[in-house]
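Engineer: take this sequence and fold it.
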Amino acid sequence: MAEAKEDEKEPQGPIPCSPCRGTGKLNSNSGGEPHEVDCPWCEGSGVFIEEHDAQASQRPEGEVADEKPQAEVD
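Structural biologist: As a prediction, this is how the structure comes out:
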């Protein structure tokens, strides 16, 4: 049986943003022509932001994110 190693620690320091691979930029085809935009998940920092809502900036003011999971479609 394998035992848990007490020496192993969680990685220290910032965690790179996975959608942009830590670059802070994404390629967007919005508008019909490819162009580079700031990553909405890390806000262009390249560092993972825990509990960040990447779609919040696209919602009308005052609208709250839907907390319930969406129903599955058959």
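Engineer: test my guess that G46 contacts I15.
Structural biologist: No. Contact criterion Cβ atoms under 8 Å: G46 and I15 do not qualify, at 10.2 Å. Heads up, the C-betas are built off the backbone N, CA and C, glycines and all.
Engineer: compare the two (neighbour count), which wins?
Structural biologist: The neighbour count for G46 versus I15, taken as other Cβ atoms under 10 Å, is higher for G46 (16 against 13).
Engineer: for S18, see how far away that one is.
Structural biologist: For G46, the distance to S18 (Cβ to Cβ, to the nearest Å) stands at 11 Å.
Engineer: likewise P40?
Structural biologist: As judged by Cβ to Cβ, P40 and S18 stand 13 Å apart.
Engineer: show me the contacts for the most centrally placed residue in the chain.
Structural biologist: The centroid of the chain falls nearest to W41 when counting by Cα atoms, centre = their mean (3.5 Å). W41 makes contacts with C17, P19, C20, F48, I49, H52, A54, as judged by Cβ atoms under 8 Å, 6 or more residues apart in numbering.
Engineer: give me that answer again for 7 Å
Structural biologist: Applying Cβ atoms under 7 Å, 6 or more residues apart in numbering, we find W41 in contact with C17, P19, H52, A54.
Engineer: just P34 next, same as before
Structural biologist: So P34 contacts N27 (Cβ under 7 Å, 6+ apart).
Engineer: residues near C42, how many?
Structural biologist: Each residue near C42 was counted by other Cβ under 10 Å, and the total is 25.
Engineer: so, low pLDDT: which residues of this structure?
Structural biologist: Scanning the chain for pLDDT under 70 picks out 1-11, 62-71, 74.
Engineer: all the strands of it, in order from the start?
Structural biologist: Under the criterion DSSP state E, the chain contains strands at 25-28, 35-38.
Engineer: so which of these gets nearest R59?
Structural biologist: Closest approach to R59 among the strands of the chain is made by strand 35-38 (17.4 Å; Cβ to Cβ).
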